[in-house]
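K.L.:
Generate a structure from the sequence data that follows.
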Amino acid sequence: MNAFKGLRRLLTAVSIALLIVPPLAHAQYEAIDDKPNPYAMFGDLVVARPIGLLVTVAGTATWVVGLPFSLAAGNAEEAAEQLIMGPGKETFVRCLGCRQSGYTYKDIDNYRARQAAAEEAEAMVAAAE
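P.N.:
Numbering: from 1, shown residues only. All right, here's what the predicted structure looks like:
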């Protein structure tokens with residue numbers, strides 16, 4: 001029973017980490033201009049995303065098991081990139097139905113608008129002081 005509790009805790013921690021990674025990696029990927037059809041979106045949502053999630057979780061478990069060896073060899077970062085970030089990018093950073101990973105131009109424009117509004121608000125607060 002204790003092994004299942006430990007595994008459950010590990011999977012919970014990994015799930016939380018995977019939810020945090022995509023917003024942090026927002027600006028690291030180039031914009032894509034892909035216009036998928038509804039069938040591609042449906043297939044992506046029902047088939048590709050669940051498989052991608054399973055591959056990401058399996059890659060994370062593999063990385064954790066192999067971490068002592070990766071640290072000894074000095075390539076833990078490359079192993080994490082291949083086993084966790086690669087599948088995670090395909091699962092969480094790709095638009096629904098798109099074939100390439102990345103955010104759309106619309107996402108990037110909205111992000112820049114939010115950043116500009118936040119900077120303007122900070123400038124107004126600084127000017128009021």
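
K.L.:
so what's the residue lying closest to Gln82 once chain neighbours are set aside up against?
P.N.:
Counting by Cβ to Cβ, 6 or more residues apart in numbering, Gly59 is the residue found nearest to Gln82 once chain neighbours are left out, at 7.8 Å. (Glycine included, C-beta is placed from N, CA and C.) Residues near Gly59 by Cβ atoms under 8 Å, 6 or more residues apart in numbering: 82-84, 86-87.

K.L.:
so which helix or strand takes in Gly59?
P.N.:
Using DSSP states H and E, Gly59 sits in helix 49-73.

K.L.:
For stretch 41-58, the averaged confidence score.
P.N.:
With pLDDT averaged residue by residue, stretch 41-58 scores 92.

K.L.:
ok, Ser70 to Ala116 distance?
P.N.:
Per Cβ to Cβ, to the nearest Å, Ser70 is found 41 Å from Ala116.

K.L.:
Pick out whichever of these two has more residues nearby.
P.N.:
Neighbours of Ser70 and Ala116, each counted by other Cβ atoms under 10 Å, are more numerous for Ser70; the result is 17 against 10.

K.L.:
shouldn't that one be in contact with Ala79?
P.N.:
Yes - judged on Cβ atoms under 8 Å, Ser70 makes contact with Ala79 at a distance of 4.5 Å.

K.L.:
So for the two, which residues contact both of them?
P.N.:
Residues within reach of Ser70 and of Ala79 at once, by Cβ under 8 Å, 6+ apart, are Trp63.

K.L.:
Any idea how many residues pack against Arg94?
P.N.:
Residues near Arg94, counting by other Cβ under 10 Å, number 21.
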